[in-house]
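A.B. asks: please find the sequence and the predicted model below.
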Amino acid sequence: MKESINRSFNNLNINDIIGLCFDATCSLVLINKKDLTPFNRNIILWADHRAIEEAKEINETNHFVLKFVGNEISPEMQLPKILNLKRNGLDITKYLFFDLSDYLTCQCVNNFKIRSINTTTCKWTFVDKQTLKDLNKEEMEESNWNSNFFKTIQLSELLTPNNLIGENILPLTLQENNLKLTKEKSLELGLHENIILSIPIIDAHAGGIAMLGCALNRFKKEETVEDILNETIVIIAGTSACHLTVSKEPRFIKGIWGPYHHAMIPNMYLNEGGQSYVGKLLDDLIESHSYYILQKDKKDKKIILQEIENYLQNYLQNNNQKEQENYFVDYLTKNLHILDYFNGNRSPLANYELLGMIIGLSGHYISSLESLSLLYLSAIQSIAYGSKFIIEEMNKNGYNIKRIMMCGGLSNNKLFVQQFANICDCNIYRSEQDAMLLGDAVLASVSSKVYSDLFEATNNMCHLKDELTVCVQKETLEYHQRKYKVYKEMYNDQMKYKNIMTG
C-alpha cells in the first residue's frame, strides 16, 4: 500500500491529505481471532466458485433473508464460502472474517469489530431495521443479523458466543466516526495520524456512487432526481460486470441482488445484477485461439487487439464502398452466435452451472485473424445481450432504464461500448476520471467534513465529459433484436439438450 500511496501522492504534500477511503473486491479475508494476525493464503478471491454446493443448500432453505439476494445466494458471497471452509475441516470459531475493504480499514484503525453497511448488506445477509419497517416485517432481531438463518445454515457460531463477522455496522457517510490512522500504520504508510478513514466500500459500488453523481449533475436541469435515478443504470465493466440501480422503495427482482438499503446511496435501495465473466471471457477467447497461439511469440497481446480492430474497421470500410453506406460492423456476426455462460450466469438466471455455447464455427478459417476478429466481436455482443437481459428484468420491476453510465477498464474499448449502446438501445455516458477512485474520494470528503453529505460532494466532484458519450446507431436495432432472440433460444436449447442427456 505504501508504494501505491507514494505514487498517487507524488506531487502532493502529505500533510494536505485529510481523508482516506478503502475500496476492494468482495474477497473473503480470515485472520486469527486470538492474536489478530493474518496467515498464508488467508484470502479467497471473490470469483472463487468452490462453494456452489453450499450455495445450493442455503438456497433450499427458502429463508426470508434470501429475498434480499434475488432468492438465490451466490457462491461468490461470503456465507457459502465460510460453510465450505467449515465442511473441509476449518474450525471457524478460531477466526475473524471480513470483506477485504473492511479488513484493510480495521487494520489501519486497530478496531476489528467494525464493518461497513455496504459490505455486510451486500455480501453477508445483514438487513437493517428500516428495511423491515418498510416491508412491515419483524423477522430480524436486535442485532440485524438473523440468528435463525445462521442456525439453519449451520453457521450459528459466527454470531454466538462471539460475533466473528462484525458487531458494529457503520453507515457509509458517517461523519462522527473517530476512525483515524494508528501511529504504527501512519508510519508504515508514510501518512500522518490525523487522517480520517471513511467507512469502506466494495470497489464497484464506489464507481456506482461516482457515476450516479455524474448522472445527477448532467441531467438535473432536465429531470427530477427521482426520474434520473429511475432511468439510469451504472455498468462497471472489467473482469466482471456489475449493473447498479437505486430506488426510493425496495424492489425485489428474482435473480437480481438486493434491495440493499443504505448500501450505496443513503436512504435509497440498491439493486445489483451482474456477469462474472466479461473481460476475462474476452481475454481467454483471444489467448486460446490458434491465431494468438501462433503469433504470441512475435507480437504483444495489445498488437493483436489492434489487429482485430483494424480488421473489423477495414472490413466495414470495404463493405460500405462495395455495397451501401449503412453497413455496420455489427452485421458481421449474422451466422456466428455465442452464449456467454462460460462461468455460469449470475443474473438474472442465478445458475452457476450453465455453460457457454458457440454456434457457427467454420473449419477453413479457424486459425485466421478473421476467425479471431469475428469471435471477439460476437463475444462482446453476447456480453451485451446479457446486460440487455438484466435491464429487461429490472424494467419489469419498476425501473425505466433509458441511459447507461459506464466505467471500468472496458469502458475505454470503443468497439465494446458501441456494441453495448446498440444492443441495449441506450446512449452511454462516461467520465474522464477513474470512477472507483472518484467514489472513494467522495466518501472520504464527506467523512472528513469537506462536504456535508454525499449529494453535496457528488455535485462538486462528479462530472461527465460529453465528448465521451456514445450514441445508439438506430439502424442496428432490428438486427440486434433478431440476434437477441437467438441468444435467448440458445439457453433454451441448452436446457433441452441437458434433459435429453439425463433421460
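C.D. replies: Good, I have the coordinates. The shown structure was predicted, so the numbers you read here are calculated from the model rather than taken from an experiment. Numbers count the residues shown, from 1 in each chain.
A.B. asks: and what about Glu76, helix, strand or coil?
C.D. replies: coil (DSSP: H, G, I helix; E, B strand; the rest coil).
A.B. asks: and for it, the neighbour number?
C.D. replies: Per other C-beta atoms under 10 Å, the neighbour tally for Glu76 reads 25. From N, CA and C alone the C-beta is placed, and that goes for glycine too.
A.B. asks: can you report how many residues neighbour the closest residue to it other than its chain neighbours?
C.D. replies: Closest residue to Glu76 apart from its sequence neighbours, by C-beta to C-beta, 6 or more residues apart in numbering: Trp46 at 5.6 Å. As a burial measure, Trp46 scores 23 neighbours (other C-beta under 10 Å).
A.B. asks: assumed Trp46 was part of a helix.
C.D. replies: No: assessed with three-state DSSP, Trp46 is coil; it does not lie in a helix.
A.B. asks: show me the shaky parts of the stretch 401-503 of the chain.
C.D. replies: Along the stretch 401-503 of the chain, segments meeting pLDDT under 70 are nowhere present.
A.B. asks: all strands of it, in order?
C.D. replies: With DSSP state E, counting those that start in this stretch as the definition, the stretch 401-503 of the chain shows strands at residue ranges 403-407, 427-429.
A.B. asks: which element is Tyr103 on?
C.D. replies: helix 100-109 (DSSP states H and E).
A.B. asks: hmm, who's touching the very next helix or strand once past that helix?
C.D. replies: As assigned by DSSP H and E, the chain's next helix or strand after helix 100-109 is strand 114-116. Residues outside strand 114-116 that contact it (C-beta atoms under 8 Å, 6 or more residues apart in numbering): 98-99, 101-102, 105-106, 165-170, 172, 179, 199-201.
A.B. asks: again with stretch 451-471
C.D. replies: Contacts for stretch 451-471 (C-beta under 8 Å, 6+ apart): 172-173, 209-218, 265-266, 414, 417-418, 421, 427-432, 438, 441-443, 445-446, 450.
A.B. asks: flag every buried residue along it.
C.D. replies: 451, 454-455, 457-458, 461-464, 470 (16 or more other C-beta atoms under 10 Å).
A.B. asks: which one of those sits closest to Asn148?
C.D. replies: Among the buried residues of stretch 451-471, Leu454 lies closest to Asn148 (C-beta to C-beta), at 33.7 Å.
A.B. asks: about what we covered before: so who does the residue nearest to Glu76 touch?
C.D. replies: 25-28, 76.
A.B. asks: run the last query once more with 6 Å
C.D. replies: 25-27, 76 (C-beta atoms under 6 Å, 6 or more residues apart in numbering).
A.B. asks: first-to-last residue distance for stretch 223-232?
C.D. replies: Start and end residues of stretch 223-232 are separated by 12 Å (C-alpha to C-alpha, to the nearest Å).
A.B. asks: likewise for stretch 315-335?
C.D. replies: Rule used - C-alpha to C-alpha; the end-to-end distance of stretch 315-335 is 16 Å.
A.B. asks: that one - what's its average pLDDT?
C.D. replies: Across stretch 315-335, the average pLDDT comes to 78.
A.B. asks: wait, is Leu332 part of a helix?
C.D. replies: Yes: according to three-state DSSP, Leu332 belongs to a helix.
A.B. asks: hey, which helix is longest across the chain?
C.D. replies: helix 369-395 (DSSP state H).
A.B. asks: thinking again about what came up before, just checking, what packs against the helix holding Tyr103?
C.D. replies: strand 23-24, strand 196-197 (3 or more C-beta pairs under 6 Å, 6 or more residues apart in numbering; DSSP states H and E).
A.B. asks: repeat that for 7 Å
C.D. replies: Here helix 100-109 touches strand 23-24, strand 114-116, strand 196-197, going by 3 or more C-beta pairs under 7 Å, 6 or more residues apart in numbering; DSSP states H and E.
A.B. asks: distance between the last one and the chain's centre?
C.D. replies: In other words, strand 196-197. 25 Å (C-alpha atoms, centre = their mean, to the nearest Å).
A.B. asks: ok so, going back, now the strands of the stretch 401-503 of the chain as CSV including mean neighbour count and distance to Asn395?
C.D. replies: Shown next, in CSV, are the strands of the stretch 401-503 of the chain (neighbours: other C-beta atoms under 10 Å; distance: least, C-beta to C-beta, whole Å):
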stretch, mean neighbour count, distance to Asn395
strand 403-407, 26, 13
strand 427-429, 20, 16
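A.B. asks: let me have the ones you listed in TSV, extended by distance to Asn144.
C.D. replies: Shown next, in TSV, are the strands of the stretch 401-503 of the chain (distance: least, C-beta to C-beta, whole Å):
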stretch	distance to Asn144
strand 403-407	31
strand 427-429	36
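A.B. asks: separation between the closest residue to Met1 other than its chain neighbours and Ile58?
C.D. replies: Excluding the flanking residues, the one nearest Met1 by C-beta to C-beta, 6+ apart is Leu189, at 6.0 Å. As for Leu189, its distance to Ile58 is 38 Å (criterion: C-beta to C-beta, to the nearest Å).
A.B. asks: give me the more crowded residue out of those two.
C.D. replies: When neighbours are counted by other C-beta under 10 Å, Leu189 and Ile58 differ, and Ile58 comes out ahead with 28 against 18.
A.B. asks: surely the more buried one meets Ile153?
C.D. replies: Yes: using C-beta atoms under 7 Å, Ile58 and Ile153 qualify as a contacting pair, with a distance of 5.1 Å.
A.B. asks: between these two, what contacts are shared?
C.D. replies: Common neighbours of Ile58 and Ile153 are listed as Leu79 (criterion: C-beta atoms under 7 Å, 6 or more residues apart in numbering).
A.B. asks: tell me where the stretch 201-350 of the chain has strands.
C.D. replies: 201-202, 232-237, 241-247, 257-261, 269-275, 337-339.
A.B. asks: check contacts around the nearest residue to Gln381 once chain neighbours are set aside.
C.D. replies: With sequence-adjacent residues excluded and distances taken as C-beta to C-beta, 6+ apart, Gln381 is closest to Gln419, at 5.5 Å. The contact partners of Gln419, taken as C-beta under 7 Å, 6+ apart, are 330, 380-381, 384.
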